[in-house]
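> Got a sequence here, can you build the structure:
(chains A and B)
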Amino acid sequence: MDASLPALVVVVPMLAAILTALAGRWWRRHAWPVALLATAFAAAGSLRILWRAVHEGVVLYRMGGWPVPTGIPYRIDLLNGIVLAMVACVSFLSVLWMRESVKREIRQAGQASYYAVVLLFTTGFLGITITGDVFNLYVFLEIASITSYVLVAMGRRREGLFAGYQYLILGSIGATFVLIGIGHLYMATGSLAMTDIAARLSGALVDHPSVVHTSFAFITVGLAIKMALFPLHSWQPGAYTYAPSSASLLMAATATKVAAYAFYRFAFTVFGTHYVTARLPQVMDGIMVMAAAAMVVGPLFAVRQDNLKRMLAYSSVGQIGYVVLGAALVNASAMTGSIAHFWNHAASKGALFAVVGIVVLRSGSPHIDNLRGLGRRAPWTAAAMTVAALSLVGVPLTGGFVTKYYLALGTLETGRGVLLAFILLSSLLTAVYMWRCLQRVWFADPDLEPAVTREAPWTMRVATLTFGAACLVFGVFAWIPVDIASAAARALLGEN
Amino acid sequence: MLEFLLSHYNYAIYIALMMIGLYAILARGNLVKKIIGLNILQTAVFLFYISIGKVDRGTVPVIWPAGERPPGFENVPYENPLPHVLMLTAIVVGVSVTAVALALIVRIKAAYGTVEEDEILEADELRDREGDA
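A predicted model of the protein is given here:
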């Protein structure tokens, strides 16, 4: 069991998806428990795999027992161990959270299929994270993408259909670019296994340097669309705004960050740190500029939004900048901050979207004014929101502070202190739009009748509070994520 | 240069198809035509992968027992079958994306009464303005 856990973590949600889709026609009520069990298994399994990666360094699983360049390996080191645990735990909490929301927002006949799509979505992102084969990564990327399009389009409003279509067009262009990049990589090296490509790349760079450069360009642009890196983010606000609340929660907490992980994997494992720093320093500088711009532009748009979902979507545009900045700086400290942000952002954005989903469930609309008086009628929900908002801003003793501290260290170590101004400005703007929310939550006019009149159902409350608590845990016991993240960063950069 | 282009004409076609596909996606306002553009883009990628699997004077990659290869084929290299296998997967992916896209278009047509991008955006804007009023 333990040896084949990497395969089971991916296979169990996939089989559960088929089960819910087939059995769901007759036993609609069983779709949620099946999805919950499958994602609980994935969460427990991925934590166990992360534990093994921390102690053993690398966990390798060969599909069908084939040796590495021939067969498909699942290879988990600290970096994807972190992301794997993040995706699986967020999926579990989201599924726990979504029961009441799905009952309300998805028409009855579609509910079982909805859970099947959610499970396939999870399968896709777990697969992208765990695999050590570039073409396998592309296939999982498409599974994850197609299910995302469907999730976005399953909202009640007709705008969701068009948002899903626009996401489909841009997402498919992105995925096709990744596919072209992988083709050039195969053309140059003759291999698809990540470690094998890395070993053959120096030879390929001598023989066909332009093929390798083309490959890197296509993969980078393709993944930048997938991670909604400014200025390629245009699909994201519409998709997150009109998707059902449960899909927004799941996607915002996982989807773009997994694409960012894929960029880390390609840039530092497949192409290698030496390639990106010695051969293409200008490209990394360009990505740094895009990340820095995203950090400011995202919150700048978020400040003006009255629709909470759209506000948080623009906030995600900014937050992905923090994740990418560490990669662009190619510095151990900055990368530690960025890798820790995989968890920190999942926790804070998960909590915030969970709260917004509760507001939608209880009041029917994600308008910012519906937060008024939330602190009086639903104190637990409001508390989770407050902690998550503080973490997003980067207040000490929350996870967000840890990220920004290490990123700031990294900018100083690489002599790019000007980026500090971007981090500060971004935090300030984040504080502005989060304050707009918290002010309504805690300091609304007591004469106004609150839009949310009672606390959320227990499933939602447990999940939301867990997200909120995670923001605090990653801030107070910061050494847990930081130790793993810094070991992952140093391993990626080849330092010890 | 010309000789290089002529001997690599399949790559030239791949690039041309890719550009036609991208142009159709970006320039066309009709949702169905955009999907046709997407399909052309994907087909370009298939052609690219099949091209890199080509081996000079290569033959069908069926492995014969040692010493039993048909006369005339004893020392002929095999084509690389791997890119073809990869493209089988990519074709399936392409079909799935097209299926989802067409299903979405059917529902968009039902909800908006049109499949033209500008008319849909107009309808959304109109509704937003009415919602504010």
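
> Flag every residue of chain B that's near chain A.
For chain B, the residues in contact with chain A (Cβ under 8 Å from any Cβ of the partner chain) are B:18, B:22, B:25, B:31, B:34, B:38, B:41-42, B:45, B:48-49, B:52, B:83, B:86, B:89-90, B:93, B:96-97, B:100-101, B:104-105, B:107-108, B:111-112, B:120, B:124. Quick note: C-beta positions are derived from backbone N, CA and C, even for glycine.

> Setting aside sequence neighbours, what's the nearest residue to residue A:368?
Spatial nearest neighbour of residue A:368, chain neighbours left out: residue A:306 (5.0 Å); criterion: Cβ to Cβ, 6 or more residues apart in numbering or on different chains.

> So that neighbour versus chain B, what's the distance?
Remark: distance between residue A:306 and chain B (Cβ to the nearest Cβ, to the nearest Å) = 10 Å.

> That residue and residue A:367, how far apart?
6 Å (Cβ to Cβ, to the nearest Å).

> Looking at the two, which has the bigger crowd around it?
residue A:367 (15 against 11; other Cβ atoms under 10 Å in any protein chain shown).

> residues touching the more buried one, list them.
Contacts for residue A:367 (Cβ atoms under 8 Å, 6 or more residues apart in numbering or on different chains) come out as A:306, A:307, A:308.

> Provide a list of residue ranges in the stretch 301-450 of chain A with pLDDT below threshold.
In the predicted model of the stretch 301-450 of chain A, no residue satisfies pLDDT under 70.

> need the contact list for the closest residue to residue A:156 other than its chain neighbours.
Nearest residue to residue A:156, sequence neighbours excluded (Cβ to Cβ, 6+ apart): residue A:105, at 6.0 Å. Residue A:105 sits next to A:155, A:156, A:244, A:245, A:246, A:360 when contact means Cβ under 8 Å, 6+ apart.

> Tell me the spacing between residue A:105 and chain B.
16 Å.

> And residue A:453, by the same measure?
Counting by Cβ to the nearest Cβ, the gap from residue A:453 to chain B is 24 Å.

> from what I can see that residue touches residue A:374, true?
No. If you go by Cβ atoms under 8 Å, residue A:453 and residue A:374 don't touch, sitting 10.2 Å apart.

> higher neighbour count, those two?
Taking neighbours as other Cβ under 10 Å, residue A:453 and residue A:374 compare with residue A:374 leading, 27 against 12.

> wait, isn't that one in contact with residue A:452?
Yes. Counting by Cβ under 8 Å, residue A:452 is a contact partner of residue A:374 at 5.4 Å.

> Identify the residues contacting the residue nearest the centre of chain B.
The residue lying closest to the centre of chain B (Cα atoms, centre = their mean) is residue B:42, at 1.3 Å. For residue B:42, the contact set (Cβ under 8 Å, 6+ apart) comprises A:172, A:176, B:21, B:90, B:94, B:97.

> let's see 6 Å
Applying Cβ atoms under 6 Å, 6 or more residues apart in numbering or on different chains, we find residue B:42 in contact with residue B:94.

> which stretch of helix or strand covers it?
helix B:31-52 (DSSP states H and E).

> Please point out which parts of that helix sit buried.
B:31, B:33-35, B:37-52 (16 or more other Cβ atoms under 10 Å in any protein chain shown).

> Same question for stretch A:266-279.
Buried positions in stretch A:266-279, judged by neighbour count with 16+ other Cβ under 10 Å: A:266, A:267, A:268, A:269, A:270, A:271, A:272, A:275, A:276, A:279.

> which residue packs closest to the fourth one, ignoring adjacent ones?
Distance criterion Cβ to Cβ, 6+ apart; nearest residue to residue A:269, sequence neighbours excluded, is residue A:194 at 5.6 Å.
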